[in-house]
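Q: Just the structure for this:
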Amino acid sequence: MIILAFDASTLACSACVMQDGKILASRYLNTGLTHSQTLLPMIEGVLEDSGLSMDQIDRIGVTVGPGSFTGIKIAVATAKGLSHKNKTPCAPVSSLHALGEGISFEGTVCSVEDARRGMLYNANFKNGIRQCEDRQISVSDLLQETDGPVLFCGDGSQIAINEAQRLGRNAVCASADRAFIRAEIVAQIAWKMQEDALFSPEELEPRYLRLPQAERERNERENHLTERT
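A: Presented below is the predicted three-dimensional model:
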């Protein structure tokens, strides 16, 4: 099986091609350029590096959230466009799953992304087993519900570790290379997914845990006007 996988859910962006569990080509960027500038050229690059075309891709793995609204929208739209011609099955991968996948730790692995306004996007894992669904939660609530040693991974790690240390909790951060998602891990997750978990390009959608900022601000304005009337 040949899988094209990519991620644009955080500040970093990556893409890879994997064949039967072996990575043929991969690219990673964290330069501050927008994903609309970098993602498609990276995909074209890994296909060229591996000597393959989209006609030879059996499955597309893509992170669908949570994370950057714009990045997720770009990644999902790209997956839809690439899969449309051949109706290539799409494997929707949680960005929080991709962050925590494969980390060995005697305790709770907490995948955390900065959701702003004092909140985190979070999912917890023990011995590789998911402990909760993807969610939005405050740092204090996350620490209150976790017992024993905790390892944080993701771009919200520093926020979480600062609060954990303030409370005297036994907590550490994963290595720097686990702060952002790598397409190789997305590919591995997509490779293991069962057929009934795959989506057609028409079915594939972003998975947001809250409304985009523009919609939140519009709702706030409408609620304010309603209160005044």
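Q: Checking Ala15 next. Helix, strand or coil?
A: strand (DSSP: H, G, I helix; E, B strand; the rest coil).
Q: That one and Ile43 touch, don't they?
A: Yes. Ala15 is within contact range of Ile43, at 4.9 Å (criterion: Cβ atoms under 8 Å). In this view, the C-beta of every residue, glycine as well, is placed from N, C-alpha and C.
Q: Now for Leu39, how many residues are close by?
A: 23 (other Cβ atoms under 10 Å).
Q: Kindly confirm my reading that it is in a strand.
A: No. Counting by three-state DSSP, Leu39 is located in no strand; its state is helix.
Q: sorry, back to before: looking at Ala15 and Ile43, which one has more neighbours?
A: Of the pair Ala15 and Ile43, Ala15 is the one with more neighbours under other Cβ under 10 Å, namely 31 against 23.
Q: So what pairs up with that one in the strands?
A: Taking DSSP bridges, one finds Phe6, Arg27 as the beta-bridge partners of Ala15.
Q: From Gly65, how far off is it?
A: Here the distance between Ala15 and Gly65 works out to 18 Å (Cβ to Cβ, to the nearest Å).
Q: Find the residue at the geometric middle of this structure.
A: What sits nearest the mean C-alpha location of the chain, by Cα atoms, centre = their mean, is Ser95, with 1.8 Å.
Q: contacting residues around that residue?
A: 7, 9-10, 63-67, 72, 113, 121, 181 (Cβ atoms under 8 Å, 6 or more residues apart in numbering).
Q: run the last query once more with 6 Å
A: 9, 63, 67 (Cβ atoms under 6 Å, 6 or more residues apart in numbering).
Q: ditto for Ile2
A: Contacts for Ile2 were tallied using Cβ under 6 Å, 6+ apart; they are 19, 56-58.
Q: okay, now the domains of this structure?
A: For the chain, automatic domain parsing gives the domain ranges 2-96+180-212, 104-173.
Q: Kind regards, and thank you for your time.
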